[in-house]
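**Q** the sequence isn't on hand, but the structure is:
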């Protein structure tokens, strides 16, 4: 079955450490996204990518980095510069960036900073 | 003002009840509209798109009022399995079709 796989599902990090969250899709979608969800807030866009080797900052990119070396993969690194990294991180994909595209989400990665 | 506003709830209803949620959006240039459903600690999943003429999918009916900038979702004959958070989503053309999510309305259906 096609879908998006995120790993790890749960991750604990000490302050000052970088962590990388994996996102892999086999839907042959061109566009991929990373969102962050905090209690009482809507999903907020961190980064998005329309095509391999191209990505753009979203609304809250500070303290995060991404890469898009393969169409299927869009890993997110949460760096030590991110002040409040504890959150639920969601990766998503869509056929393309343009048009009213429906997003398909992965199951999410829950990051806790100790 | 938030770009997309929803009543957080929770809405507590008995099985079989009809319940309606509203959502307002601030940008009149919003182009597409959706309702997503999110179960506790899970990812959001598309429930239905919302069209100008209104649309229905089984027990669910979505309406769009562009003049007043609000979207509604009506659930008839509520089931226990409808318990979830319902996210209102609009798109803005900011160089790409950026999705803006509401904070969600929580629904609890009880026996």
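**A** Sure, I can see it. Worth saying up front: this structure is predicted, and the values here are computed from it rather than measured. Residues are numbered from 1 along each chain as shown, chains lettered A, B, ... in the order given.

**Q** can you name the residues that contact the residue nearest the centre of chain A?
**A** Taking CA atoms, centre = their mean, the centroid of chain A lies closest to residue A:34, which sits 2.8 Å from it. Contacts for residue A:34 (CB atoms under 8 Å, 6 or more residues apart in numbering or on different chains) come out as A:23, A:45-48, A:58, A:64, A:66, A:74, A:76, A:89-92. C-beta: built from backbone N, CA, C; applies to glycine.

**Q** next: residue A:102.
**A** Residues near residue A:102 by CB under 8 Å, 6+ apart: A:94, B:34, B:46, B:49.

**Q** what would those residues look like in JSON lines with secondary structure?
**A** Output for the contacts of residue A:102, formatted as JSON lines (DSSP: H, G, I helix; E, B strand; the rest coil):
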{"residue": "A:94", "secondary structure": "strand"}
{"residue": "B:34", "secondary structure": "strand"}
{"residue": "B:46", "secondary structure": "strand"}
{"residue": "B:49", "secondary structure": "strand"}
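
**Q** show me which of these is closest to residue B:97.
**A** residue A:94 (8.7 Å; CB to CB).

**Q** for the residue nearest to that closest one when sequence neighbours are not counted, which residues are in contact?
**A** Here the nearest residue to residue A:94 in space, its sequence neighbours aside, is residue A:101; by CB to CB, 6 or more residues apart in numbering or on different chains that works out to 3.8 Å. Taking CB under 8 Å, 6+ apart, we find residue A:101 in contact with A:31, A:94-95, B:97.

**Q** element containing the residue nearest to residue A:10 when sequence neighbours are not counted?
**A** Among residues not flanking residue A:10 along the chain, residue A:110 sits closest, at 5.2 Å (CB to CB, 6+ apart). Using DSSP states H and E, residue A:110 maps to strand A:109-113.

**Q** so what strands line up beside that strand?
**A** Note on strand A:109-113: by DSSP bridges, its sheet partners are strand A:10-13 (parallel), strand A:87-94 (antiparallel).

**Q** packing partners of whatever helix or strand comes next after the first one?
**A** Where DSSP H and E defines the elements, the next helix or strand beyond strand A:10-13 is strand A:19-25. Strand A:19-25 makes packing contacts with strand A:4-7, strand A:10-13, strand A:31-37, strand A:76-78, strand A:87-94, strand A:109-113 when contacts are defined by 3 or more CB pairs under 8 Å, 6 or more residues apart in numbering or on different chains; DSSP states H and E.

**Q** right, and these - which one's nearest residue B:18?
**A** Of all the helices and strands packed on strand A:19-25, strand A:31-37 sits nearest to residue B:18, with 29.0 Å by CB to CB.

**Q** having no further points to raise, I will conclude here.
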